[in-house]
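1. Kindly generate the corresponding structure for this input.
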Amino acid sequence: MLSRHTLFATLLLAAAPALAADYVQAPGSALVFAGTYEGEAFTGRFPGFVTRFSFDPAQLATAKLDVTIPIATASTGNSDYDGEMRGSAFFNSSKFPQAHYTATRFRALGGNRYAADGTLNLRGISKPVTLDFTWAPGAKPVLTGKATVKRLEFGVGEGEWADTSLLPNEIAVSTKVIFVPAK
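-> Numbering: from 1, shown residues only. Just a heads-up that it's a prediction; the model follows:
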């Protein structure tokens, strides 16, 4: 027979909400963007991005995703593209050195697929962006996701670069983030 104190403690633990596991980004993670310029495909990376994730698939209401993206590190491997991309017509990295993505609303899409409905702040403009992702749990869980960013909504590619026949409005963003438990 349980004592009153043991019964009370058991009831409190049973009534407490389950907390999501907290993770930080591990080496080997990547954040990539892709598009076309005059019909020629290009890809680029954001080295140095930082991700924090609080996630339990059984408790999506408590999930949180936070990504800090250093814009000045954006690189396509083409010095002409990179100089223009970091300049005032595109990212304007001297004035807006980083972008930030946060999500606190998550939806299950079936299996190990989820959607994070979040907000991207880029060039001082905040707009909703949904990240569709798969979650592979384990000792080093992996989030593999994709999103589409409409660059013109953020003022990326002003002036002559606003012509979507040169550079489409929709830019594909993909990520593979390897996590370890936060300490």
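
2. So what touches the strand or helix carrying T102?
-> Assigned by DSSP states H and E, T102 belongs to strand 98-110. When contacts are defined by CB atoms under 8 Å, 6 or more residues apart in numbering, strand 98-110 is touched by residues 55, 57, 60-61, 63-71, 114-123, 129, 131-132. (C-beta placed from N, C-alpha, C; glycine too.)

3. Now list the buried members of those.
-> 55, 60, 63-65, 67, 69, 71, 114-116, 118, 120-123, 129, 131 (16 or more other CB atoms under 10 Å).

4. So which of these belong to strands?
-> 55, 64-65, 67, 69, 114-116, 118, 120-122, 129, 131 (DSSP state E).

5. Determine which two of those residues are furthest apart.
-> The span of those, defined through CB to CB, is set by F55 and L122 at 23.6 Å.

6. What separation is there between S75 and P47?
-> Separation of S75 from P47 (CB to CB, to the nearest Å): 7 Å.

7. Looking at the two now, which is surrounded by more residues?
-> Taking neighbours as other CB atoms under 10 Å, S75 and P47 compare with S75 leading, 16 against 10.

8. quick one: that one and G83 touch, right?
-> No: using CB atoms under 8 Å, S75 is not in contact with G83, being 10.8 Å away.

9. So what sits opposite the nearest residue to P128 once chain neighbours are set aside in the bridge?
-> Setting aside the residues directly before and after it, P128 is nearest to T119 in space (CB to CB, 6 or more residues apart in numbering), at 5.9 Å. Beta-bridge partners of T119, counted by DSSP bridges, are T102, P128.

10. Could you do T148 as well?
-> In this structure, T148 bridges to A172 when assessed by DSSP bridges.

11. so what's it up against?
-> Per CB under 8 Å, 6+ apart, neighbours of T148: V129, E170, I171, A172, V173.

12. same thing with F179?
-> Applying CB under 8 Å, 6+ apart, the residues contacting F179 are Y23, V24, Q25, A26, T51, F53, K140, P141, V142, L143.
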